[in-house]
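In: Fold the following for me, if possible:
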Amino acid sequence: MASRGTGVHEDRPGGHYFSERHGRYRRSALLRQEDRPEVHFHEWEIVRRIDIMAQRPIFLPQNTQPFSREVNIEFQWFGGFARSQQQKCIASLHDEANAREFGPTLEISSRSPTPLGVALSAFNLKVRIGGLPEATVEAVFQCSKVFASCGPFPEFLGMSGRDIKRDPRLRGSGPLKRFQLGDEEWRLSPKTALYDWIYVRALVQNSELSSQICGYNSFSDIAFNPERSLN
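Out: This is a model prediction of the structure:
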């Protein structure tokens, strides 16, 4: 529904919305009926394009607790699941971050335009923890989940992150109760403690990659929507 006085016409799932404030309007070369007899216009066709805007956080490291802070950045969203469309979104997000002097920004995801960002994705970055076999950060985190009716899932350690995400047990096994890695149990609170610990451990074990992140002032993950997930 329209928000009076804000120029925002309609909220969209995932943080996307139409914004008059950022919209770019253009009238077409205004097609006359005599120019296009097959199209039944009374006089003119007016074409208006409204940019789809989105918000995503970027993460900035700091030397004091909690050692990072989030800044929400509004940017132009390019719809579609193609890698090229996602990279347009990343470029738009980083342009806005640079305009606010938060750059340079490294996108850390499988859609990143840089090999470093792809390698640091939780779906690709590997870690060794205790007696567990080496696996990606995503696999280690997901395998540790204990729900009301099942878990943990050591078989996840040999699976890809995308196959793990499709496993119906992650959505149909009741409430999440705790995490368990080997003999060690983790509580649900603080909410991101286990994921943070796994990822930092992976960075320590992959020093050739982690040493390169010092050249960046902020970090993004275009797929991360705080309205839908925590990590």
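
In: Look up how far F153 lies from D163.
Out: Here the distance between D163 and F153 works out to 12 Å (Cβ to Cβ, to the nearest Å). Where C-beta positions appear, they are placed from N, C-alpha and C, glycine not excepted.

In: Comparing those two, which residue is more hemmed in?
Out: Higher neighbour count among D163 and F153: F153, with 20 against 11, using other Cβ atoms under 10 Å.

In: Identify the residue nearest the more buried one in space, chain neighbours excluded?
Out: C143 (4.8 Å; Cβ to Cβ, 6 or more residues apart in numbering).

In: Give me the helices and strands touching the lengthiest helix in the chain, please.
Out: Taking DSSP state H as the assignment, the helix of the chain that covers the most residues is helix 83-99. When contacts are defined as 3 or more Cβ pairs under 8 Å, 6 or more residues apart in numbering; DSSP states H and E, helix 83-99 sits against strand 52-61, strand 68-76, strand 105-107, strand 218-220.

In: Buried residues, the first one. List them.
Out: For strand 52-61, the buried set under the neighbour-count rule, 16 or more other Cβ atoms under 10 Å, comprises I52, M53, A54, Q55, R56, P57, I58, F59, L60.

In: Would you confirm that the fifth one contacts Q76?
Out: No - with the criterion set as Cβ atoms under 8 Å, R56 and Q76 do not qualify as a contacting pair; they are 11.6 Å apart.

In: And this structure, what are its domain boundaries?
Out: Following automatic domain parsing, one finds the domains of the chain at 8-112, 126-205.

In: weakest of the ones you listed in terms of mean pLDDT?
Out: Note on the domains of the chain: lowest mean pLDDT is at domain 8-112, with a mean of 73.

In: isn't there a strand covering I164?
Out: No - looking at I164 with DSSP: H, G, I helix; E, B strand; the rest coil, it is helix, so not inside a strand.

In: since we're on it, how many residues are nearby?
Out: For I164, using other Cβ under 10 Å, the count is 21.

In: Could you number the chain from 56 rather than 1 from now on?
Out: Sure, I'll start counting at 56 from here, so that last one is I219.

In: what sits against it?
Out: Counting by Cβ atoms under 8 Å, 6 or more residues apart in numbering, I219 makes contact with E193, A194, Q197, F211, L225.

In: my guess is the last one contacts C198, does it?
Out: No - taking Cβ under 8 Å as the contact criterion, L225 and C198 are not neighbours in contact, 10.7 Å apart.

In: Which of these two has more residues huddled nearby?
Out: With neighbours defined as other Cβ under 10 Å, L225 and C198 compare such that C198 has more, 22 against 17.

In: Tell me who's in contact with that one.
Out: Listed by Cβ under 8 Å, 6+ apart, the contact partners of C198 are A190, P207, F208, P209, E210, F211, L212, L236.

In: In which helix or strand does the second one reside?
Out: Take DSSP states H and E as the rule and P207 turns out to sit in neither a helix nor a strand.

In: So it is in contact with Q197, correct?
Out: No - when contacts are counted by Cβ under 8 Å, P207 is not listed as touching Q197 (9.3 Å).

In: what about the closest residue in space to R183 that isn't next to it in sequence, distance to P209?
Out: Using Cβ to Cβ, 6+ apart and skipping the chain neighbours, the partner closest in space to R183 is E189 (4.8 Å). Distance, E189 to P209, using Cβ to Cβ: 13 Å.
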